[in-house]
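# Sharing a sequence plus its predicted fold:
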Amino acid sequence: MRWKVTGRRLAFATPWLGVWFLDVERPDGTAGEYHVVQLRDLAVVAAVDDADRVLMMWRHRIATDSWGWELPMGLVEDGEDPQAAGARELEEETGWRPGAISPLIYAEPAGGITNARHFLFRADGCVQVGAPTERNESDRLEWIPLAELRGMIERREVVSGATILGVLSLLLGSSDGPPPRPDRLQR
């Protein structure tokens, strides 16, 4: 059931995204055009403290004109390691530097239409090193107890897919300690 790409044309591009028209041959042998959105990788960090709270930001999102609680996140720069990007974004957006940062979970949120890759990390032992340097992200930060997050998702106070994925990963691991580290999972 593999699709074959026989040609591709870039229709539109910015530093953040590209829209491609693909000439494809479908598994049934028919040919056609398919559209793909190319996005930069995203690094997301769930900073957890010793009191089982996670650092979240109250943010406005212009595309949906909505507000919600989110984990710190940002685009991975060219040549940048996703884990380093996550640590950088955490510090820029919150003023907190991770003591230890480790993989939490990986996702491709809409593989049928985009190449988006989300790298989610857990940060422990965070130290506040100053005020956020990224002034356009959020003006409200809070350490929110893990126990409150499910209700926040149900009330649609948390709607970001990347944030929900990170929060649910934390919650799945919270009853038996920290979530399993991805490098210890069998593939």
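Ah, there it is. Numbering: from 1, shown residues only.

# residue contacts, the closest residue in space to residue 17 that isn't next to it in sequence?
The shortest distance from residue 17 to any residue other than its chain neighbours is 5.3 Å, reached at residue 39 (C-beta to C-beta, 6 or more residues apart in numbering). In short, each C-beta sits where N, CA and C put it, glycine included. Listed by C-beta atoms under 8 Å, 6 or more residues apart in numbering, the contact set of residue 39 reads 16, 17, 114, 115, 116.

# ok, now how distant is the first one from residue 74?
Which is residue 16. Between residue 16 and residue 74 the computed distance is 11 Å (C-beta to C-beta, to the nearest Å).

# again, but for the third one
Counting by C-beta to C-beta, the gap from residue 114 to residue 74 is 17 Å.

# more neighbours, these two?
residue 74 (19 against 14; other C-beta atoms under 10 Å).

# Nearest residue to the more buried one in space, please, no chain neighbours.
Closest to residue 74 by C-beta to C-beta, 6+ apart is residue 89, at 3.8 Å.

# For the residue nearest to residue 71 when sequence neighbours are not counted, what are phi and psi?
Setting aside the residues directly before and after it, residue 71 is nearest to residue 163 in space (C-beta to C-beta, 6+ apart), at 4.7 Å. Geometry field for residue 163 lists phi and psi as phi -70, psi -50, criterion degrees, to the nearest 10.

# In terms of pLDDT, where does residue 163 sit?
The model reports residue 163 with a pLDDT of 96.

# Same check on the one 3 residues further on?
Reading off the confidence values, residue 166 has pLDDT 96.

# Next: residue 131.
On the pLDDT scale, residue 131 gets 89.

# what's around it, how many residues?
Neighbour number of residue 131 under other C-beta under 10 Å is 8.

# Now it. Nearest residue, chain neighbours left out?
In space, residue 131 is closest to residue 95, 5.0 Å off (C-beta to C-beta, 6+ apart).

# check contacts around that neighbour.
Contacts of residue 95 by C-beta under 8 Å, 6+ apart are 128, 129, 130, 131, 132, 133.

# and the residue lying farthest from the centre of the chain, helix, strand or coil?
Going by C-alpha atoms, centre = their mean, the residue of the chain most distant from its centre is residue 29, 36.1 Å out. Under DSSP: H, G, I helix; E, B strand; the rest coil, residue 29 falls in the coil class.

# Would you map the strands across the protein?
For the chain, applying DSSP state E gives strands covering 4-13, 17-25, 31-39, 42-47, 53-61, 66-70, 73-75, 96-97, 100-107, 118-124, 127-128, 141-145.

# winner for burial among these?
Ranked by average neighbour count under the criterion mean count of other C-beta atoms under 10 Å, these are headed by strand 42-47 at a mean of 27.
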